[in-house]
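Novice: just a sequence and a predicted model for now, questions to come.
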Amino acid sequence: MRFIVRKSKLQGSVQIPGSKSHTIRAVAIAALASGTSCIRKPLVAEDTLAAVRAYRLFGADIDCGEDWVVRGVAGKPCTPENVIDVGNSGTTLYIAMSSAALAPGTSVLTGDDQIRRRPAGPLIAALNQLGASAESTRGTDRPPIIVRGPMRGGTANLDGSKTSQYLTSLLINCPLAAEDTVLSVHNLVEKPYIDMTLSWLAEQHIRIDRSDYEEFRIAGGQKYSAFDKQVPADFSSATFFLTAAAVTGSELILLGLDPNDTQGDKRIVDVLSKMGADVEWLEDGLRIKGNGLVGGTFDLGDTPDALPALAVTGCFAEGETRLINVGQARLKETDRITVMCSELSKMGAQVEELPDGLVVRQSQLRAAQVDGHGDHRVVMALAVAGLGCEGETVIEGAEAVAVTFPTFADLMKSVGGDIRTE
């Protein structure tokens, strides 16, 4: 599938769908809990449905209607009857690895070709230190991965420099281990995602003592309880509407966003404000109006998913935009640093690749045929670029948006975006 995008002026309001990160955490915790939970307004997308399939294999009964009803396993996941295929969902892969370590038998976890390139070595090492047995079938520290439980608890060291998802996985699952766990964490990135996880655990009254983000002491033998919770709207998805308004000089109202939510990508609002966009929080969301944009230097260490969209925004900003401290963006669905440099260059962008980011200079973009490389955020970022430049931009691989935002094109059209699929 491809997107065909032309320059557009946007106007109106759009309801932002639920957060992928919150939805997957909700599925995992509800599946591990006792009793029946209700997840309201979940994100329905390939990544979140991958989590549903994984936790069904662990024994949870999950009904996916308008709201998702989950009957949990009371802290005792069963050994899966089949291989757990997480599709393209790295979050599901990593969280499910530690859930597999709670099961009494052997689990095999794999995914699509991109997932099979994702590193899992630090989490594999930690699970082995905590009494489970985990290994990569190819000896590469990448999926397919075999996990044998049960995990007892104990002491583990964890390298958090590649992704925060390793730590999230252990924080969610170690409270269910028989013994206490102490995690010593080094070089942690993406701290807001850990704040999100800790917020979920606090609501569950899980006992964790920590020293900043460096040591976590987790009591064993704890339990999760059933809950009824609405999933907040997704700042990561909202990023593409926020940046689209900014680069096209348009005014949009994004409904459902909560400025007090723990999502790290809400920082995109401050970044765009510093670049010159007019932003205003409303009772039910956020209003943004594009204005003359100026470049700046932005540390994306905690918000790597914003890199593709901000790389596009930098092309429309006066001067130079530097996106730095985001080396982990090379380990996402694609090497997003290299891919965004390559694809924006096809559109005439003046962009330079750094080891840990990008330098983007104001550029007169032109329509071109570009490739999303099977990466949902790259596809959507290139669509934003197409909305801001003359001519017809063709984006190959647009089917990738179904991973997290299957309604992206329809919602963009609803506010005036000239975007069609074929």
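Specialist: In hand now; what should we look at?

Novice: for the closest residue to Ala45 other than its chain neighbours, what are its contacts?
Specialist: Nearest residue to Ala45, sequence neighbours excluded (C-beta to C-beta, 6 or more residues apart in numbering): Thr404, at 5.1 Å. The C-beta positions use only the backbone N, C-alpha and C, and glycine is treated the same way. The contact partners of Thr404, by C-beta atoms under 8 Å, 6 or more residues apart in numbering, come to Lys20, Leu43, Ala45, Glu46, Asp47, Asp234, Ser236, Ser237, His376, Arg377.

Novice: wait, the fifth one touches Leu93, no?
Specialist: Translated: Asp47. No - the pair Asp47 / Leu93 is not scored as a contact, 10.3 Å apart, by C-beta atoms under 8 Å.

Novice: was I right to think Ser363 contacts Gln350?
Specialist: Yes - at 4.9 Å, Ser363 and Gln350 qualify as touching, with contact defined as C-beta under 8 Å.

Novice: averaged pLDDT, the host helix or strand of Ile95. What do you get?
Specialist: Here Ile95 sits within helix 90-100, counting by DSSP states H and E. Averaged across helix 90-100, the pLDDT comes to 98.

Novice: give me the next element, helix or strand, following it.
Specialist: strand 106-110.

Novice: what residues are up against the nearest residue to Arg6 once chain neighbours are set aside?
Specialist: For Arg6, ignoring the flanking residues on the chain, the nearest one in space by C-beta to C-beta, 6+ apart is Asp418 at 4.1 Å. Shown in contact with Asp418 (C-beta under 8 Å, 6+ apart): Val5, Arg6, Lys7, Ser8, Leu387.

Novice: distance of Asp418 from Ala244?
Specialist: 12 Å (C-beta to C-beta, to the nearest Å).

Novice: repeat that for Ser133.
Specialist: From Ser133 to Ala244 the distance is 47 Å (C-beta to C-beta).

Novice: domains in the chain, by residue range?
Specialist: 2-17+232-421, 20-221 (automatic domain parsing).

Novice: higher neighbour count, Asp47 and Leu93?
Specialist: Leu93 (28 against 23; other C-beta atoms under 10 Å).

Novice: does that one really touch Ile115, like I thought?
Specialist: Yes - at 6.0 Å, Leu93 counts as touching Ile115 under the criterion of C-beta under 8 Å.

Novice: list the residues that contact both of these two?
Specialist: Joint contacts of Leu93 and Ile115 (C-beta under 8 Å, 6+ apart) are Val86, Pro143.

Novice: who's in contact with the closest residue to Leu282 other than its chain neighbours?
Specialist: Once flanking residues are discounted, Leu282 sits nearest to Ile253: 6.9 Å by C-beta to C-beta, 6+ apart. Counting by C-beta under 8 Å, 6+ apart, Ile253 makes contact with Gly12, Ser13, Val14, Leu282, Gly285, Leu286, Arg287.

Novice: neighbour count, secondary structure and pLDDT for these - can I get that in TSV?
Specialist: Formatted as TSV, the contacts of Ile253 follow (neighbours: other C-beta atoms under 10 Å; DSSP: H, G, I helix; E, B strand; the rest coil; pLDDT from 0 to 100):
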residue	neighbour count	secondary structure	pLDDT
Gly12	11	strand	97
Ser13	14	strand	97
Val14	19	strand	97
Leu282	12	strand	95
Gly285	22	strand	93
Leu286	24	strand	97
Arg287	15	strand	98
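
Novice: which one among those residues gets closest to Glu396?
Specialist: For the contacts of Ile253, the minimum distance to Glu396 (C-beta to C-beta) is 25.2 Å, reached by Val14.

Novice: mind listing the strands for the stretch 201-350 of the chain?
Specialist: 208-211, 215-218, 228-230, 251-255, 278-282, 285-289, 297-299, 320-324, 350-354 (DSSP state E, counting those that start in this stretch).

Novice: same question for the stretch 1-150 of the chain.
Specialist: 2-6, 11-15, 36-40, 61-64, 68-71, 84-85, 106-110, 133-136, 145-148.

Novice: can I get those in JSON lines including distance to Asp212?
Specialist: What follows is the strands of the stretch 1-150 of the chain, written out as JSON lines (distance: least, C-beta to C-beta, whole Å):
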{"stretch": "strand 2-6", "distance to Asp212": "43"}
{"stretch": "strand 11-15", "distance to Asp212": "37"}
{"stretch": "strand 36-40", "distance to Asp212": "31"}
{"stretch": "strand 61-64", "distance to Asp212": "35"}
{"stretch": "strand 68-71", "distance to Asp212": "33"}
{"stretch": "strand 84-85", "distance to Asp212": "33"}
{"stretch": "strand 106-110", "distance to Asp212": "31"}
{"stretch": "strand 133-136", "distance to Asp212": "27"}
{"stretch": "strand 145-148", "distance to Asp212": "29"}
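
Novice: out of those, nearest to Tyr55?
Specialist: strand 61-64 (6.5 Å).

Novice: list the buried residues for that closest one?
Specialist: Ile62 (16 or more other C-beta atoms under 10 Å).

Novice: what's it packed up against?
Specialist: With contacts taken as 3 or more C-beta pairs under 8 Å, 6 or more residues apart in numbering; DSSP states H and E, strand 61-64 sits against helix 46-57, strand 68-71.

Novice: among these, which is the most enclosed?
Specialist: Of all the helices and strands packed on strand 61-64, helix 46-57 has the most neighbours on average by mean count of other C-beta atoms under 10 Å, namely a mean of 24.
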